[in-house]
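Visitor: Let me see the structure of the following:
(one chain, ligands or ions: 1)
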Amino acid sequence: MIGRLNHVAIVVPDLAAGTAIYRDTLGASVSAPQALPEHGVTVVFVELPNTKIELLEVLGENSPVAPFLERNPSGGIHHVCYEVEEIIAARDRLKADGARVLGDGEPKTGAHGKPVLFLHPKDFCGTLVELEQI
Ligand code: CO
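Guide: All right, here's what the predicted structure looks like:
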């Protein structure tokens, strides 16, 4: 069901510093920052030949990544995103298997303008999983 790894998301305490590490130290191509108020994050994308890294910084008061940063003050891997062809069919199959879909269970528009869903880490090897319809 899942296809390619679309991205790995890393929460960082300082997006400019994270950008400098990936762009200057690691020599990767990094996008301009994009504020996503409806998701409570500012994001940059690190473009790698086979996937992307998404650096996330807290934006606003009720950012969903703020508790993660409190537990991991130097940042850390927050979620992995796998591509699916049919997000509703994927969701229904996972729910039928007993997996928990976060939020109201309806896809939201993600950082790439595509429908996304998040799956409960306790059902997926302790890792928050994002599904993105491609
Ligand atoms: Co993501």
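Visitor: Would you mind listing what in this structure touches the ion?
Guide: 9, 81, 130 (C-beta under 5 Å from the ion). For the C-beta atoms, the positions are set from N, CA and C on the backbone; glycine is no exception.
Visitor: Just the CA atoms of the one helix or strand the last one maps to, as PDB, please.
Guide: For E130, the enclosing helix or strand under DSSP states H and E is strand 128-133. As requested, C-alpha coordinates have been extracted for strand 128-133 and formatted as PDB (Å, rounded to 0.1, in the frame of the first residue of the first chain):
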ATOM      1  CA  LEU A 128       4.300   9.200  13.900                       C
ATOM      2  CA  VAL A 129       3.400   8.400  10.300                       C
ATOM      3  CA  GLU A 130       2.100  10.800   7.800                       C
ATOM      4  CA  LEU A 131       0.400   9.500   4.600                       C
ATOM      5  CA  GLU A 132       0.400  11.800   1.600                       C
ATOM      6  CA  GLN A 133      -1.700  11.200  -1.500                       C
END
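Visitor: Could you list every helix and strand in contact with that strand?
Guide: With contacts defined as 3 or more C-beta pairs under 8 Å, 6 or more residues apart in numbering; DSSP states H and E, strand 128-133 has these neighbours: strand 5-11, strand 76-84, helix 87-96, strand 115-119.
Visitor: Show residues contacting the shortest one.
Guide: Read it as strand 115-119. By C-beta atoms under 8 Å, 6 or more residues apart in numbering, the surrounding residues in contact with strand 115-119 are 79, 81, 87, 90-91, 94, 99-103, 105, 107-110, 128-133.
Visitor: Buried among these? Make that a PyMOL selection.
Guide: The following PyMOL line selects those of the contacts of strand 115-119 that are buried, judged by 16 or more other C-beta atoms under 10 Å:
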select buried, resi 79+81+87+90+91+94+101+107+110+128+129+130+131+132+133
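Visitor: which secondary element of this protein has the worst mean pLDDT?
Guide: The weakest-scoring helix or strand in the chain, judged by mean pLDDT, DSSP states H and E, is strand 108-109 (a mean of 90).
Visitor: so how far is that one off the chain centroid?
Guide: Mean-position distance between strand 108-109 and its chain equals 12 Å (C-alpha atoms, centre = their mean, to the nearest Å).
Visitor: in this protein, what spans have low per-residue confidence?
Guide: Of all residues in the chain, none has pLDDT under 70.
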